[in-house]
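Peer 1: give me coordinates for this.
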Amino acid sequence: MASRELKLKIELVPAPLWYSSIYNIYRKAGMLDEWRRIKDELFRREGKKCWICGREGERLEAHEFWEYDDERHVQRLVAIHHICDLCHKVKHIGFWCYTKDGKEKLAKRGLREEQLIDHFCRVNGCSREDFKRHIEESFRVWIERSRHRWTQDLGEYDPNKKRKSEESKGREAV
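Peer 2: Have a look, this model is predicted:
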């Protein structure tokens, strides 16, 4: 099963980009109101269900979807969607199942790696062998990407663009 056919894919963020999420960028810029506005917009647009698996009645987390230019080493933010806890943990399975901190947090939540694998297979209608191939390829790509310095293109979510846009709206109102 090719990665592009998968509904739920593993996303291993290159090591140089760890903790460079749009949430952290907004938090550091003192723009958490903007983050809340984005989350409210997601609820209005997508409802209160997981964008990937469709589960309802679950706590939803905003997940950033990135594209990677492996030649120029640019990580580009293309979308933010609400996803359920299990889909989010599968997306970041590298943290949850392969780091000491992640394993401890997973255990505290009463979850095991097997449950994440089962969720991946159920959502994608695939076998554990398909999962194994996908995670091996994900780690191969992660190792290569982690060797490089990256820049980020935050697109429409760039806090500097948002500030300039708000400033120009303020000037127009005067």
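Peer 1: make it CA atoms for all contacts and neighbour counts henceforth
Peer 2: OK.
Peer 1: in the chain, where is pLDDT below threshold?
Peer 2: 1-4, 162-174 (pLDDT under 70).
Peer 1: show me the helices in it, by range?
Peer 2: Residue ranges of the helices in the chain, as given by DSSP state H, are 22-28, 32-46, 85-91, 93-98, 100-108, 113-124, 128-145, 159-173.
Peer 1: now do the fourth one: everything it contacts.
Peer 2: By C-alpha atoms under 8 Å, 6 or more residues apart in numbering, the list of residues contacting helix 93-98 from outside reads Ile10, Glu11, Leu12, Lys89, Asp101, Gly102, Lys103, Lys105, Leu106, Glu113, Leu116.
Peer 1: check contacts around His92.
Peer 2: So His92 contacts Ile10, Glu11, Leu12 (C-alpha under 8 Å, 6+ apart).
Peer 1: among these, which one lies nearest to Ala79?
Peer 2: Glu11 (14.0 Å; C-alpha to C-alpha).
Peer 1: count of neighbours near the residue lying closest to the closest one once chain neighbours are set aside?
Peer 2: Spatial nearest neighbour of Glu11, excluding adjacent residues (C-alpha to C-alpha, 6 or more residues apart in numbering): Lys91 at 5.0 Å. Neighbour count of Lys91, defined by other C-alpha atoms under 10 Å: 21.
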